[in-house]
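Trainee: Could you work out the structure for the sequence below:
(chains A and B)
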There are 2 protein chains.
Amino acid sequence: MNKKKGLLIVVSAPSGCGKGTILEAAMKRKEFCYSVSATTRSPRPGETDGVNYFFLDRERFEEMARNGEMLEYAEFVGNLYGTPRAPVEEKLAEGRDVILEIEVQGAMKVKKACPDAVLIFILPPSVDVLRQRLCKRKTESEEVIEERVAQAGREIGEAVNYDYAIVNDDLEKAVEDFLGVIQAEKLTVKRQKDTIDNIINEKQ
Amino acid sequence: MNKKKGLLIVVSAPSGCGKGTILEAAMKRKEFCYSVSATTRSPRPGETDGVNYFFLDRERFEEMARNGEMLEYAEFVGNLYGTPRAPVEEKLAEGRDVILEIEVQGAMKVKKACPDAVLIFILPPSVDVLRQRLCKRKTESEEVIEERVAQAGREIGEAVNYDYAIVNDDLEKAVEDFLGVIQAEKLTVKRQKDTIDNIINEKQ
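Mentor: Predicted coordinates for the structure are as follows:
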């Protein structure tokens, strides 16, 4: 029997929705791999190649993009950022579940490149709660917060293109929901054709 | 905000797969309604109309079938059996989840009549384990058991037309899987369009 492929899990959320906290808590209860992004920006002190990022020069990055070796990529303030395909596919082939934390446009590109991926969007209970959470941090000016809230509103509209939406109202509930989605996705018939075939043909 | 519709859950399994045990255990942890079937057969002693079955005469049953008031129906040894649509839809509208225990042909008809239904197939770990379980009951002859095993083999082939397949190897795990599927289905974006709209439009 072939090793069962891992699940590629794409997670997006507007800033302030608690995505990082949910994933951290979920990883304490289940093993996931994180995808390491590639970038053309220079390493910062303390950053390690292959751990924080794969640090590439622009020529190599663009060559990989041209060859379809990036699941998605985009340019931000003069630097390229992307998701190299090979390490993700290696981990999936080993049967490990891989999490991609990525913004909306990137997520749509990954869905196209990997139709088997599961796309999860984390929602705030309301835009107003999101505003309050951002204000509580006291790290940004009112203007920046309003810009972030407006951005969140636009991003939430994209949630309809995802497979699942999880409202982060209660952290424990959100973590349960996240793990429930992973569990259920593995039980879908489309991911269990081999299991069904093996039962019919008595190959266990 | 409109009341969220309940989930219509169709569950099928070959005889001996432990479907009843799984559902019984699941109902101790979560509230579900059972759909009551209609039949033209006579009530047996102790059976109550509207509880065990809706007992109908053939004329009334056939009229309901003609009017599309049965989600599915079929004839077995001279009697009609079916699932009346109205009670199921009432419960769903109240936000209650409804379980339909039904065989493969009926399940396919329900899927057509209610594309929102979730179809779950319970599998034995292997056909051989199923044979052992049926033998252990010591209620059927070897011949009957072999006919049931052959029938199970044919039914398992239909699992590919379901949404989810749960292998009943370990009861506790199968119950967890069943509840995980229900939880995840409610988190699908297609079932949460109102939630997403409400967050965007600040209507909580």
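Trainee: ok, and does the top helix by length along chain A reach over to chain B?
Mentor: Secondary structure of chain A read by DSSP state H shows that its longest helix is helix A:171-187. Yes: on the criterion CB under 8 Å from any CB of the partner chain, helix A:171-187 is in touch with chain B at A:176-177, A:180-181, A:183-185, A:187. The C-beta positions use only the backbone N, C-alpha and C, and glycine is treated the same way.
Trainee: Up against chain B, what does chain A have?
Mentor: Going by CB under 8 Å from any CB, the residues of chain A near chain B are A:121, A:123-128, A:153, A:156-157, A:159-167, A:176-177, A:180-181, A:183-185, A:187-189, A:192-193, A:195-196, A:199-200, A:202, A:204.
Trainee: go with 6 Å
Mentor: Residues of chain A lying close to chain B by CB under 6 Å from any CB of the partner chain are A:123, A:126-127, A:156, A:159-160, A:162, A:164-166, A:177, A:180-181, A:183-184, A:187-189, A:192, A:196, A:199-200, A:202, A:204.
Trainee: how many neighbours does A:Tyr81 have?
Mentor: The number of residues packed near A:Tyr81 is 20, by other CB atoms under 10 Å in any protein chain shown.
Trainee: elements contacting the host helix or strand of it?
Mentor: Element membership of A:Tyr81, judged by DSSP states H and E, is strand A:79-84. If you count contacts as 3 or more CB pairs under 6 Å, 6 or more residues apart in numbering or on different chains; DSSP states H and E, strand A:79-84 packs onto strand A:38-39, strand A:70-76.
Trainee: For it, list the C-alpha coordinates in CSV.
Mentor: In CSV, the C-alpha atoms belonging to strand A:79-84 read as follows (Å, rounded to 0.1, in the frame of the first residue of the first chain):
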residue,chain,number,x,y,z
ASN,A,79,12.0,42.1,-2.9
LEU,A,80,10.6,38.8,-4.2
TYR,A,81,8.9,36.4,-1.9
GLY,A,82,7.6,32.9,-2.8
THR,A,83,6.9,29.3,-1.9
PRO,A,84,9.3,26.8,-3.4
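Trainee: the domain parsing of chain A - what is it?
Mentor: Structurally, chain A divides into domains by automatic domain parsing as follows: A:1-32+A:97-204, A:36-96.
Trainee: Need those domains in TSV (columns: mean pLDDT).
Mentor: What follows is these, written out as TSV (pLDDT from 0 to 100):
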stretch	mean pLDDT
domain A:1-32+A:97-204	92
domain A:36-96	95
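Trainee: ranking these by burial, who's on top?
Mentor: Counting by mean count of other CB atoms under 10 Å in any protein chain shown, domain A:1-32+A:97-204 has the highest mean neighbour count of the domains of chain A, with a mean of 17.
Trainee: Nearest spatial neighbour of the residue in chain A positioned nearest to chain B, chain-adjacent residues omitted?
Mentor: Nearest residue of chain A to chain B (CB to the nearest CB) works out as A:Ala184 at 3.3 Å. Distances taken as CB to CB, 6 or more residues apart in numbering or on different chains put B:Ala184 closest to A:Ala184, at 3.3 Å, once the chain neighbours are dropped.
Trainee: Hmm, that neighbour is touching A:Gln183, no?
Mentor: No: counting by CB atoms under 6 Å, B:Ala184 does not reach A:Gln183; the two are 7.2 Å apart.
Trainee: returning to that earlier point: report the separation between the residue of chain A closest to chain B and A:Leu7.
Mentor: Separation of A:Ala184 from A:Leu7 (CB to CB, to the nearest Å): 11 Å.
Trainee: ok, now A:Lys30?
Mentor: A:Lys30 sits at a distance of 11 Å from A:Leu7 (criterion: CB to CB).
Trainee: what's the answer for A:Glu101, then?
Mentor: 15 Å.
Trainee: Name the SS class of the residue nearest to A:Val51 when sequence neighbours are not counted, please.
Mentor: Nearest-residue entry for A:Val51: A:Val36, 6.9 Å, with adjacent residues in sequence omitted and distances by CB to CB, 6+ apart. Look at A:Val36: counting by DSSP: H, G, I helix; E, B strand; the rest coil, its state is coil.
Trainee: hmm, who's touching the host helix or strand of A:Ala25?
Mentor: Using DSSP H and E, A:Ala25 maps to helix A:19-29. Identification of contacts with helix A:19-29 by CB atoms under 6 Å, 6 or more residues apart in numbering or on different chains yields A:13, A:122, A:174-175, A:178-179.
Trainee: And for stretch A:35-45?
Mentor: Applying CB under 6 Å, 6+ apart, the contact partners of stretch A:35-45 are A:53-56, A:58, A:61, A:79-84, A:88, A:98, A:100.
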